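# Got a predicted structure here, sequence first:
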Amino acid sequence: MLNEKASFKSTAKAALYLLPMLVITITFNIWPIINSFLMSLYTKYDFYTDKVSGWGFDNFVYLWNDPDFHLAVRNTLVFVVGVVPITVILSLIIALLLNQVKFISGFFRTVYFLPFVTSTVAIAMVWNWMFHSNYGLVNYFLSWFGVHPINWLTDPHYALLALIIMSIWKSLGFNIILFLVGLNNIDHGYYEAAEIDGANARQRFWNITIPMLSPITFLVSVNGIIGSFKVFDEIFALFQGTPGPGKADLTIVYYLYQKFYTEYKYPIAAASGVVLFFLILLVTLVQLWYSRKHVHY
Amino acid sequence: MAKKLSKVLLYLIVILGAITMLIPFLWMISTSLKTAPETIAVPPIWIPKSLQWGNYIKAWNEAPFGQYFINSIIVTVVTTVGQLFTSILAAFAFARLKFYGKNILFVIFLGTMMIPGEMLIIPNFVTLSHLGLIDHYGALILPWLASFFTVFTLRQTFQSTPDQIYYAAKIDGASDWKYLWQVLVPMSKSTITAVTVLQVIGSWNAFMWPLIVTNSDKMRTLPVGLQAFTTDAGTQYQLLMAASTFVIIPMVILYIFLQKYIIAGISKAGLKG
């Protein structure tokens, strides 16, 4: 009864359990995945009749030649590079500090994690107000240090920086939690053994804590990179339905949204989705390769 | 002495960091209780002279926030319950049942988790518009009724329950169905709570998909409605901040009460990689 092998009967039974999930995933996940690859190759497509009358790589050629798409890729990369390293380092530092704090540590954790549970749109409204050039809190704080008011949301030179600042603030909590879990999982025996061997606090930190945290650091970085590649909600809400002044915050997903939703160029939008897919795939492959070689488990 | 000093420094940094994290929230609440001239006072006022609770009523009445709330609640509840149901069944099949093609199916599902969801928006929009479900609860709910992430997490928990309990239930003549709902599900309560809470937060805050599949006030969820409200509110920041506050509050309350489960869920989700 229990160790029996799969049979026709047991498969039929499992199928019943899997059915509801399968119906949904096939319709809304698996078929669309195939479909969006196909759609990126449509050159003549009529949405209303769902008729395709031409195939080819024209959409990718279009992307290759579209300065907007270049800008979107560049902005996305700048965003990733601007957000991920700082977030990882800051959240590691805060996690290390929180790990030392005994007094009301629960309260601190709650506070740092709060942005994670709040609606991106709602909090982006708040940041929109804080970045206000005349009455915003950010410029007010900067004025203490003699900085002249910055047009955070209307000057193309600062608009991407504003998005980066908000995104770092928003993503810290999630990473801090992961680092705290990682710190808790380090066996205390290592520290005791090192102490007996006469290692000082700094040596223990660099030779135990950092290497033992490397899987988490790695995971947090990869999660961060993949998440940042897909940034959209923050931009839409912070710049009130525009990709920033002079398209300063046009990212790949925002480009996809524009082509799809405002210009009705479905195949081109699908092609930009495929490019996003390959970028993320590349990150995942690098992750696999790197973690085999370098991450200490 | 040096030890004491470093302790003070430690707390100082942690407290400064916490204040930085809190400032946007405090500023939001503070602004929401100000009069219009107070919002643009220089230097900024933190505590308004008299608290303008009326801003909340005014904001609530200037856009159909009641309808948005109802929509968000319907979408969140139906999505969460439905997804939990499909996931529990599927996770049980993967954890306990034997069937042909199990490994292949599992690998395919794992593969789909790597696909950026943004890629699926276009084909799903096409499917749903051909079904006539755009600007309908159907479009807001249907695609989210299954989540492989939830299946994966539950399967892990189901597998970790001792085999003996399953054998014992079987010997007592319980069917698999009965065992699942009367033994396994109650035993996995904490994991189920964790995935449920994460799902609720995700649904409540979802923006891009509801933005794309709704066109009318009648169907908009809170984040989309709030975004639309910025056009009406213009520069009345006290109203915008009041509206932001009541969008954020339900999840903050949920978080404060269920923090333990959320953090457990995050660690599970994150550490699996």
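Great, that's in hand.
# quick one, what contacts residue 27?
Chain wasn't specified; assuming chain A. Counting by Cβ atoms under 8 Å, 6 or more residues apart in numbering or on different chains, residue A:27 touches B:127, B:142. C-beta: built from backbone N, CA, C; applies to glycine.
# that's the other chain; I wanted chain B
Taking Cβ under 8 Å, 6+ apart, one finds A:126, A:129, A:130, A:137, B:241 in contact with residue B:27.
# number of nearby residues for residue 211?
All of this refers to chain A. 14 (other Cβ atoms under 10 Å in any protein chain shown).
# Chain B is the one I meant
The burial count for residue B:211: 21, using other Cβ under 10 Å.
# what's near enough to touch it?
A:236, B:224, B:227 are the contacts of residue B:211 under Cβ under 8 Å, 6+ apart.
# Report the separation between residue B:183 and residue A:164.
49 Å (Cβ to Cβ, to the nearest Å).
# do residue B:74 as well
35 Å.
# In terms of neighbours, single out the busier of these two.
Set residue B:74 next to residue A:164 and count neighbours by other Cβ under 10 Å: residue A:164 wins out with 22 against 14.
# which helices and strands does the host helix or strand of the more buried one pack with?
Using DSSP states H and E, residue A:164 sits within helix A:156-185. Other helices and strands packing on helix A:156-185, by 3 or more Cβ pairs under 8 Å, 6 or more residues apart in numbering or on different chains; DSSP states H and E, are helix A:67-100, helix A:105-117, helix A:120-130, helix A:210-229, helix A:233-238, helix B:2-32, helix B:237-272.
# could those helices be laid out in JSON lines, adding mean pLDDT and distance to residue B:174?
As requested, those are exported to JSON lines (pLDDT from 0 to 100; distance: least, Cβ to Cβ, whole Å):
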{"stretch": "helix A:67-100", "mean pLDDT": "94", "distance to residue B:174": "45"}
{"stretch": "helix A:105-117", "mean pLDDT": "88", "distance to residue B:174": "39"}
{"stretch": "helix A:120-130", "mean pLDDT": "95", "distance to residue B:174": "45"}
{"stretch": "helix A:210-229", "mean pLDDT": "90", "distance to residue B:174": "40"}
{"stretch": "helix A:233-238", "mean pLDDT": "94", "distance to residue B:174": "46"}
{"stretch": "helix B:2-32", "mean pLDDT": "90", "distance to residue B:174": "49"}
{"stretch": "helix B:237-272", "mean pLDDT": "85", "distance to residue B:174": "28"}
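# CSV please, covering those helices and showing distance to residue A:61.
Converted to CSV, the helices and strands packed on helix A:156-185 look like this (distance: least, Cβ to Cβ, whole Å):
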stretch, distance to residue A:61
helix A:67-100, 11
helix A:105-117, 41
helix A:120-130, 34
helix A:210-229, 23
helix A:233-238, 27
helix B:2-32, 44
helix B:237-272, 39
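# right, so of these, which gets closest to residue A:170?
Comparison of these against residue A:170 by Cβ to Cβ identifies helix A:105-117 as nearest, at 4.7 Å.
# and the angle from that closest one to helix B:2-32?
40 degrees (axes from the mean of the first three to the mean of the last three Cα atoms, to 10 degrees).
# Could you check the angle helix A:105-117 makes with helix A:120-130?
100 degrees.
# Check the offset of helix A:105-117 from the chain's centre.
20 Å (Cα atoms, centre = their mean, to the nearest Å).
# Any chance of the backbone angles for the closest residue to residue B:250 other than its chain neighbours?
Using Cβ to Cβ, 6 or more residues apart in numbering or on different chains and skipping the chain neighbours, the partner closest in space to residue B:250 is residue B:204 (7.0 Å). Backbone geometry at residue B:204, expressed as degrees, to the nearest 10, gives phi -60, psi -40.
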